[in-house]
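Undergrad: Here is the input, now give the coordinates:
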Amino acid sequence: MTARAFLVRGLLMGLLAGIATFVVGYYVAEPHIETAINLEESAPAADGHSHDEATGGHTHEEGGTVVSRHDQRTWGLLTGTLSMSVVFGGLLALVAAGVVGRIGTLSAGQSTALVTLIGWAAVVLVPFLKYPASPPAVGNADTIGSRTGWYFLLLALSLVAAVACTVLAQRLWERAGAYPAVVAGVAAYVVAMVVVGQVLPTVNELGDFPADTLWYFRRSSLIVTGSMWAVLGVLLTGAVRQLADRATAARARRELAHSL
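TA: Below you'll find the predicted structure:
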């Protein structure tokens, strides 16, 4: 039950989760990305104006390396999903190793599952509710820097709030029990993020982009990220549970040997 053992399993489970995420992304998200790109490319013919004017300067004809759509949706997507899944797998494993035995009476597997759930809510769900993913042809190129900055600020505040509220729940757990601690921790996090969401600026640069295409794209984006975290959480929880069982069995054998 060492941090290294957790990390190795997190990286391996992240690799498997990345493959599963690629499959989900290819069949669920890519068709909607293709639809959005077709809408973007057909915009000049539809309205008689340059697409560069319609989208505030966004264009695919800027200088740089050109990557074909086939490579984007195959090797590019696979590389991205594998990279993200392995990174998150390693981070989750290290966090899980750090909290084992420190969250109430939860076992190693249970605490790992809880870390995954909290991580998904703090890293994916809450930022998505304020700043959801946008397809090609949506957004002004002049504001991409500020929009990215607001998103990562919200992400950082969400992580800080999640950690703080988890510590609060842990301390209340020891004094008042599990139920009041969980309610207080969740309530504190929700209140904190509602306040943050109200303070941070709202981004509304949709223009006349079709609402149904936007909805399908954002739904598929959430499905892909949710799939990655779900597969990673299930696999990592199982691996940690097996590791804990092996450690318990080894300790029992040593105790039996010492008693003889």
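
Undergrad: What mean pLDDT does the helix or strand that contains Ala192 get?
TA: Secondary structure assigned from DSSP states H and E places Ala192 in helix 178-199. The average pLDDT within helix 178-199 is 91.

Undergrad: hmm, who's touching it?
TA: Outside helix 178-199, the residues within contact range by CB atoms under 8 Å, 6 or more residues apart in numbering are 104, 126, 129-130, 154, 157-158, 161-162, 164-166, 168-173. In this view, the C-beta of every residue, glycine as well, is placed from N, C-alpha and C.

Undergrad: quick one: contacts for the spatially most central residue of the chain?
TA: For the chain, the residue nearest the mean C-alpha position is Val124 (4.0 Å; CA atoms, centre = their mean). By CB under 8 Å, 6+ apart, the residues touching Val124 are Leu222, Thr225, Gly226, Trp229.

Undergrad: remind me which residues of the chain are low pLDDT?
TA: Along the chain, the model assigns pLDDT under 70 to residues 43-65, 67, 137, 139-141, 205, 207, 255-256, 259-260.

Undergrad: Does anything pack onto the helix ranked longest in it? Which helices or strands?
TA: Under DSSP state H, the helix in the chain containing the largest number of residues is helix 211-259. Applying 3 or more CB pairs under 8 Å, 6 or more residues apart in numbering; DSSP states H and E, one finds that helix 211-259 contacts helix 3-24, helix 30-47, helix 77-99, helix 108-120, helix 126-130.

Undergrad: so can I have TSV of those helices showing distance to Val203?
TA: Output for the helices and strands packed on helix 211-259, formatted as TSV (distance: least, CB to CB, whole Å):
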stretch	distance to Val203
helix 3-24	26
helix 30-47	17
helix 77-99	23
helix 108-120	23
helix 126-130	9
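
Undergrad: Distance of the residue nearest to Tyr216 when sequence neighbours are not counted relative to Ala249?
TA: In this structure, Tyr216 finds its nearest non-sequential neighbour in His32, 4.9 Å apart by CB to CB, 6 or more residues apart in numbering. Using CB to CB, to the nearest Å, His32 is found at 48 Å from Ala249.

Undergrad: Grab the nearest non-local neighbour of Val100.
TA: With CB to CB, 6+ apart, the residue lying closest to Val100 is Ala108, at 4.9 Å.

Undergrad: dump the residue contacts of the one you found.
TA: Met1, Ala96, Val100, Gly101, Val240, Arg241, Leu243, Ala244.

Undergrad: pretty sure the first one is touching Ala247, no?
TA: Pointing back at Met1 there. Yes - between Met1 and Ala247 there is a contact under CB atoms under 8 Å: 4.8 Å.

Undergrad: so where does Arg147 fall, helix or strand?
TA: Taking DSSP H and E as the definition, Arg147 sits inside helix 144-176.

Undergrad: can you pull the contacts of the residue nearest to Met228 when sequence neighbours are not counted?
TA: Leaving aside its sequence neighbours, Met228 sits nearest to Thr21 (CB to CB, 6+ apart; 4.2 Å). Counting by CB under 8 Å, 6+ apart, Thr21 makes contact with Thr81, Met84, Ser85, Val224, Ser227, Met228, Val231.

Undergrad: try it again with 6 Å
TA: Going by CB atoms under 6 Å, 6 or more residues apart in numbering, Thr21 touches Thr81, Ser85, Ser227, Met228.

Undergrad: Tell me how many other residues surround the first one.
TA: Looking back up the chat, that one is Thr81. The local packing of Thr81 (other CB atoms under 10 Å) involves 23 other residues.
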